[in-house]
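>>> Dropping the sequence and predicted coords here.
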Amino acid sequence: MTERKKRFICYAVIFAVCVSCANTKPQDEGNVAVTVRVSQAEAVAKPNEVTGFGSLSFLQKNDVSTQQDGEIAAIYHREGEEVRKGDMLALLKNPRLSIAVEVSEEEYTQAESAYQLAKIQLLEGEFNAEAELLSLKRSEAELSEKRQSHGEQVRKFNQQTTLYAAGGVNEESIRSARFEIDAQAAQLELSALDIEIRRIGLRDKDLRAAGMKVSDDPEEKIKDLIALTTSSLRVALQAAETSREMARKNLVSAKTAEAELKIASPVSGFIAARNFETGDHVKKDDTLFTVLNADALYATIPVREADAFRVKKGMPAVVKVDGTGATYHATVDLVSPIADVQSFMFNVRVLINAEALSKTSETGAAKPGMFAEARISVGEPDRIIVIDDEAVINKNKKEGTVCVVQDRRVTMRQVTFGEIYENKREIITGLEKGELVVLKPASGLKEGTYVQITKK
């Protein structure tokens, strides 16, 4: 329920009481009602928090070192300047690294060409192997046809031999026919031998010798035979691919080394130190800059011993920076296990991450050294009773008196009160939610006094 709705309900209750009082005569006609202003006791949620004050600090510092030898060609930032992550800080020059990049690029180009050539050769080899299998199939079909023709010739020769024995064919015709049959037989044998020679490397036993299974599926068998025939080309392609990959890695390595001549800030922050000038020669691992990290800031706040045991790492917190007026969501990062020997307080470190810091106020970004207030949520909100502070009289330390109105009579009641919360006084004991209390009660107001209620 919003604060506006709560106040509306409060005023409605007061108005109803006023109307009731206006239409009802006092029970005791001899008493004159005293006009008073009243307020209703409210129940509100009070955050369960631990509060402290401190200052902002950097989370860490980063030494920016060189990764290569070289001469400083340019420096882009000085001490105290703000930088963002990835900003160029300096540039080195090293001719040997530039030459190494050019050589690596040429080697990679050659390796890429060799790889593409091996790839084309493999494709052509697969086409040739498939064509050879089809050619063998055709040759076998032709051989089968020739064998059938030869058989027919033998049958006819046998008939002529019978006729020759009967004197129907002369001897020269028999000799000519026999010669032709023998010639055909010899040709068939040569054709079969030629096919057998061409089948070397394409036989079932060749597949088995290569450790491949002979498939019953004709199409799969053809694929296996093509793979067997082009195995050397595949190895050549793999070798070319390996060479290309090595050339690529060498090129990447050379370009990486050249890129390391550009010195960039690893974090967002401020330049705390610069150790070299333009023209200086630096060696690998020399520290050029020190950058204080601004991606995350933390506030260190002291808390009392009783509160230190309630605060745990990871608890949510809110940090308000006075210098910018901005409020940031944060997290408890560290609770000191040892109290300060002078203040007997425990230091708590509250971390503001980069995402929260990116939402800066219109007055600027939070910076180290700024004063900050941190509020750490340590549990569920407490429900407390609050009234207007002017309703409490006779205050003595944490005790006081309030005038409670019940049935138009005043009841003097002792209460125990706490701190001011959102312009209201917290009442610890003595009042319940919804009860009406007199605001600024007059000194003559006593127990049992009849009252006439007006709006607050």
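Good, I have the coordinates. Residues are numbered from 1 along each chain as shown.
>>> In the stretch 301-450 of the chain, what residue spans correspond to strands?
For the stretch 301-450 of the chain, the strands defined by DSSP state E, counting those that start in this stretch cover 316-321, 327-335, 346-352, 371-387, 393-396, 399-406, 409-421, 424-429, 436-438.
>>> Make JSON lines from the ones you listed and add mean pLDDT and distance to residue 278 to it.
For every residue, glycine as well, the C-beta is placed using N, CA and C. JSON lines is the format used below for the strands of the stretch 301-450 of the chain (pLDDT from 0 to 100; distance: least, C-beta to C-beta, whole Å):
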{"stretch": "strand 316-321", "mean pLDDT": "90", "distance to residue 278": "37"}
{"stretch": "strand 327-335", "mean pLDDT": "90", "distance to residue 278": "39"}
{"stretch": "strand 346-352", "mean pLDDT": "91", "distance to residue 278": "36"}
{"stretch": "strand 371-387", "mean pLDDT": "90", "distance to residue 278": "39"}
{"stretch": "strand 393-396", "mean pLDDT": "90", "distance to residue 278": "72"}
{"stretch": "strand 399-406", "mean pLDDT": "93", "distance to residue 278": "74"}
{"stretch": "strand 409-421", "mean pLDDT": "91", "distance to residue 278": "60"}
{"stretch": "strand 424-429", "mean pLDDT": "92", "distance to residue 278": "64"}
{"stretch": "strand 436-438", "mean pLDDT": "93", "distance to residue 278": "76"}
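>>> can you list contacts of stretch 186-203?
With contact meaning C-beta atoms under 8 Å, 6 or more residues apart in numbering, stretch 186-203 is reached by 132-133, 135-136, 139-140, 142-143, 146-147, 150, 206, 225, 228-229.
>>> Helices of the chain, start to end?
Taking DSSP state H, the helices of the chain run over residues 3-23, 95-165, 171-198, 204-209, 218-229, 231-259, 305-308, 354-358.
>>> and the angle from the longest one to helix 218-229?
In terms of direction (axes from the mean of the first three to the mean of the last three C-alpha atoms, to 10 degrees), helix 95-165 departs from helix 218-229 by 120 degrees.
>>> Next, the angle from helix 95-165 to helix 231-259.
Going by the same axes, to 10 degrees, helix 95-165 makes 170 degrees with helix 231-259.
>>> for the third one, same thing?
Angle between the axes of helix 171-198 and helix 231-259 is 30 degrees (criterion: the same axes, to 10 degrees).
>>> now helix 171-198: mean pLDDT?
Helix 171-198 comes out with an average pLDDT of 88.
>>> Now that helix: buried residues?
By neighbour count with 16 or more other C-beta atoms under 10 Å, helix 171-198 contains the buried residues 174, 177, 181, 184, 191.
>>> ok so, going back, next, format the helices of the chain as a markdown table and append distance to residue 341.
Shown next, in a markdown table, are the helices of the chain (distance: least, C-beta to C-beta, whole Å):
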| stretch | distance to residue 341 |
| --- | --- |
| helix 3-23 | 45 |
| helix 95-165 | 55 |
| helix 171-198 | 98 |
| helix 204-209 | 86 |
| helix 218-229 | 81 |
| helix 231-259 | 51 |
| helix 305-308 | 13 |
| helix 354-358 | 33 |
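>>> ok, back up a step: nearest to residue 159, out of the strands of the stretch 301-450 of the chain?
Closest to residue 159 of these, according to C-beta to C-beta: strand 327-335, at 110.0 Å.
>>> List of residues touching stretch 156-170?
171, 173, 174, 177, 178, 181.
>>> Export those as TSV, with columns for distance to residue 340.
Shown next, in TSV, are these (distance: C-beta to C-beta, whole Å):
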residue	distance to residue 340
171	136
173	133
174	132
177	127
178	126
181	121
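>>> Greatest separation within the residues you listed: which pair is it?
Top of the distance list for these (C-beta to C-beta): 171 and 181, 15.7 Å.
>>> so what are the domain limits for the chain?
Domains of the chain are assigned by automatic domain parsing as 3-46+383-454, 51-59+293-381, 61-94+261-292, 98-244.
>>> mind checking how far the last one is from the chain centre?
So the one you mean is domain 98-244. Mean-position distance between domain 98-244 and its chain equals 59 Å (C-alpha atoms, centre = their mean, to the nearest Å).
>>> distance of the one residue sitting closest to the centre of the chain from residue 247?
Centroid check for the chain by C-alpha atoms, centre = their mean gives residue 355 as the closest residue, at 13.5 Å. Distance of residue 355 to residue 247, computed by C-beta to C-beta, to the nearest Å: 42 Å.
>>> same deal with residue 442?
Plainly put, residue 442 is 99 Å away from residue 247 if you go by C-beta to C-beta.
>>> Put together CSV for the buried residues of helix 171-198, with distance to residue 306 on each row.
Below are these laid out as CSV (distance: C-beta to C-beta, whole Å):
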residue, distance to residue 306
174, 133
177, 128
181, 122
184, 118
191, 108
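>>> which one of the residues you listed is nearest residue 110?
Using C-beta to C-beta, those come closest to residue 110 at residue 191, 46.9 Å.
>>> quick one on the thing from earlier: which one of the strands of the stretch 301-450 of the chain lies closest to residue 447?
Smallest distance to residue 447 across those (C-beta to C-beta): 4.9 Å, for strand 409-421.
>>> the inter-axis angle of the closest one versus strand 424-429?
Here strand 409-421 runs at an angle of 120 degrees relative to strand 424-429 (the same axes, to 10 degrees).
>>> Output strand 409-421 as CSV, restricted to C-alpha atoms.
The C-alpha coordinates for strand 409-421 follow below in CSV (Å, rounded to 0.1, in the frame of the first residue of the first chain):
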residue,chain,number,x,y,z
ARG,A,409,-12.3,10.5,26.1
VAL,A,410,-8.6,11.0,26.7
THR,A,411,-6.5,8.3,28.1
MET,A,412,-2.9,9.1,29.2
ARG,A,413,-0.6,6.3,28.1
GLN,A,414,3.1,5.7,28.7
VAL,A,415,5.1,4.7,25.6
THR,A,416,8.6,3.7,24.7
PHE,A,417,9.9,5.4,21.6
GLY,A,418,12.8,5.0,19.2
GLU,A,419,14.4,7.1,16.4
ILE,A,420,12.8,9.4,13.9
TYR,A,421,12.0,7.4,10.7
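>>> Below-threshold pLDDT in the stretch 201-350 of the chain: ranges please.
294-295 (pLDDT under 70).
>>> For residue 447, give me its contacts.
Counting by C-beta under 8 Å, 6+ apart, residue 447 makes contact with 410, 411, 412.
>>> what about residue 159, how many neighbours?
By other C-beta atoms under 10 Å, 12 other residues sit near residue 159.
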